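> predicted coordinates and the sequence they were generated for:
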Amino acid sequence: MLSNAVERVHDCNPVDNPAARLLLEELLARGHAKLQIGRETRRQIDHSFSIAREYFAKPFPEKSSYALSQYVEGYREIGLEYSQVKERPDLTESFSLWNRNRAHTEAAGWIQSCPIHAELRRTVDDLSTYVADLFQTMADKWAPGTPGPRFERASYIQVNYYEPAQHSRDMLQDGHEDGHLITLVTANSPGLEIEIDGKYMPVELGENEMLIMPGSLLTLMTGGAIPPLFHQVKNSRRTDPRYSMMFFVNPEGNQVLEPWIKNASNAGRDVIAEANALPLKFGLPSLEDGTEGRGR
Ligand SMILES: O=C(O)CCC(=O)C(=O)O
Ligand SMILES: [Fe+2]
């Protein structure tokens with residue numbers, strides 16, 4: 001129990017963060033924002049893509065030997081995840097790394113034997129610092145004196161691998177909102193489109209930018225002040241592969257999380273319970289089942 005209000009504010013708000021405040025204003029005004037990443041982060045992401053290229057080029061048996069599907073960890077082939085309906089799966093292979101699963105993958109020797117896994121560990125650590133700053137800024141704005149939501153153990157990084165020319169569908173991923181607090185995304189080639197004023201528009205990102213996409217949990221936390229950003233991946237028909245990287249940020253289940261802005265839209269709703277169940281909507285196990293190794 002913290003008795004001294006002044007001390008609380010001091011502890012929770014150690015630095016003023018103008019860059020994160022600007023990002024939050026951008027999210028509120030536009031419904032998405034462009035995060036400036038440092039040179040080291042850019043280098044880290046590019047390196048991850050080059051390692052992903054080698055990984056996804058391997059034969060299926062080798063790729064799929066790095067999958068702990070009960071924990072939603074590692075490789076996933078096309079067909080398991082979808083954006084709207086399971087009859088139209090996302091036309092992408094993917095490789096995920098969850099912070100919660102580090103002990104399992106360490107025990108399985110992946111750090112030594114699976115370069116994409118080792119590389120994504122570094123990248124997710126790097127991206128987490130940007131998210132922590134943004135969440136603290138949100139907490140400071142709407143619930144001064146409280147810490148930003150803890151997210152590390154419930155969040156995961158993923159690289160998607162697309163072969164556009166192999167598919168006749170116009171959309172490699174149908175329009176959807178992510179069931180997370182936010183997603184940071186970047187890609188090596190075009191395709192990602194976001195809905196602005198009811199129309200899908202291609203995303204253009206500078207060399208040192210990642211897109212911040214609000215998910216439905218952020219909408220819940222903000223009482224609708226920040227709507228979910230709908231997005232899709234359009235088929236460019238290109239013959240060279242498309243790689244994208246997402247950092248999907250969820251709240252940890254072991255905390256009390258009240259909406260920052262309370263109103264009729266979120267009265268009586270339980271943020272943690274909804275976070276747990278949202279992956280089911282896209283064909284994935286709940287957060288708890290994935291944590292406990294009860295996924296498929
Ligand atoms: O590949 C992309 O650019 C976006 C992927 C995406 O939206 C997702 O996996 O949820
Ligand atoms: Fe998405």
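Sure, I can see it. Ligands and ions are numbered 1, 2, ... in the order given.

> and the residue of the stretch 51-200 of the chain found nearest ligand 1, what is it in contact with?
Minimum separation of the stretch 51-200 of the chain from ligand 1 (CB to the nearest ligand atom) falls at residue 192, amounting to 3.8 Å. C-beta: built from backbone N, CA, C; applies to glycine. The contact partners of residue 192, by CB atoms under 8 Å, 6 or more residues apart in numbering, come to 185, 202, 203, 211, 231, 232, 233, 234, 244.

> out of the residues you listed, who's near ligand 1?
185, 231, 233, 244 (CB under 6 Å from any ligand atom).

> assign residue 140 to helix, strand or coil.
Assigned by DSSP: H, G, I helix; E, B strand; the rest coil, the conformation of residue 140 is helix.

> distance of it relative to residue 169?
Separation of residue 140 from residue 169 (CB to CB, to the nearest Å) stands at 44 Å.

> out of these two, which sits in the busier spot?
Neighbours were counted for residue 140 and for residue 169 using other CB atoms under 10 Å; residue 140 has more, 21 against 12.

> what does the stretch 101-250 of the chain put close to ligand 1?
160, 173, 178, 185, 187, 192, 231, 233, 244, 246.

> tally of neighbours for the fifth one?
By the criterion of other CB under 10 Å, residue 187 has 21 neighbours.

> show me the beta-bridge partners of it.
Residue 187 has these beta-bridge partners by DSSP bridges: residue 244.

> test my guess that it contacts residue 246.
No. Between residue 187 and residue 246 there is no contact under CB atoms under 8 Å: 9.3 Å.

> which stretches of the stretch 151-296 of the chain form strands?
156-162, 171-176, 182-187, 192-196, 199-202, 209-214, 231-234, 242-249 (DSSP state E, counting those that start in this stretch).

> pLDDT and distance to residue 24 for the residues of the stretch 101-250 of the chain next to ligand 1 - can I get that in a markdown table?
Output for those, formatted as a markdown table (pLDDT from 0 to 100; distance: CB to CB, whole Å):
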| residue | pLDDT | distance to residue 24 |
| --- | --- | --- |
| 160 | 98 | 27 |
| 173 | 96 | 27 |
| 178 | 97 | 18 |
| 185 | 98 | 18 |
| 187 | 98 | 24 |
| 192 | 98 | 22 |
| 231 | 98 | 20 |
| 233 | 98 | 27 |
| 244 | 98 | 24 |
| 246 | 98 | 21 |
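
> number of residues surrounding the one residue in the stretch 151-296 of the chain that gets nearest to ligand 1?
Nearest residue of the stretch 151-296 of the chain to ligand 1: residue 244, at 3.3 Å (CB to the nearest ligand atom). A count of neighbours around residue 244, defined by other CB under 10 Å, yields 23.

> residue 291 now?
By other CB under 10 Å, the residues close to residue 291 number 19.

> and it, how far is that from residue 38?
As for residue 291, its distance to residue 38 is 31 Å (criterion: CB to CB).

> same check on residue 194?
Distance, residue 194 to residue 38, using CB to CB: 24 Å.

> neighbour count for these two, which is higher?
Higher neighbour count among residue 194 and residue 38: residue 194, with 19 against 12, using other CB under 10 Å.

> residues touching the residue nearest to the more buried one when sequence neighbours are not counted, list them.
Among residues not flanking residue 194 along the chain, residue 231 sits closest, at 4.7 Å (CB to CB, 6 or more residues apart in numbering). Contact analysis of residue 231 by CB under 8 Å, 6+ apart lists 175, 176, 177, 178, 192, 193, 194, 195, 200, 213.

> now do 7 Å
By CB atoms under 7 Å, 6 or more residues apart in numbering, residue 231 lies in contact with 175, 192, 193, 194, 195, 213.

> what's the pLDDT at the last one?
Pointing back at residue 213 there. pLDDT, residue 213: 98.

> same question, the fifth one
According to the predicted model, the pLDDT of residue 195 comes to 98.

> residues near the residue lying closest to it once chain neighbours are set aside, how many?
Distances taken as CB to CB, 6+ apart place residue 230 nearest to residue 195, at 4.0 Å, with adjacent residues excluded. Neighbours of residue 230 under the rule other CB under 10 Å: 18.

> residue 114 now?
Neighbours of residue 114 (other CB under 10 Å): 22.
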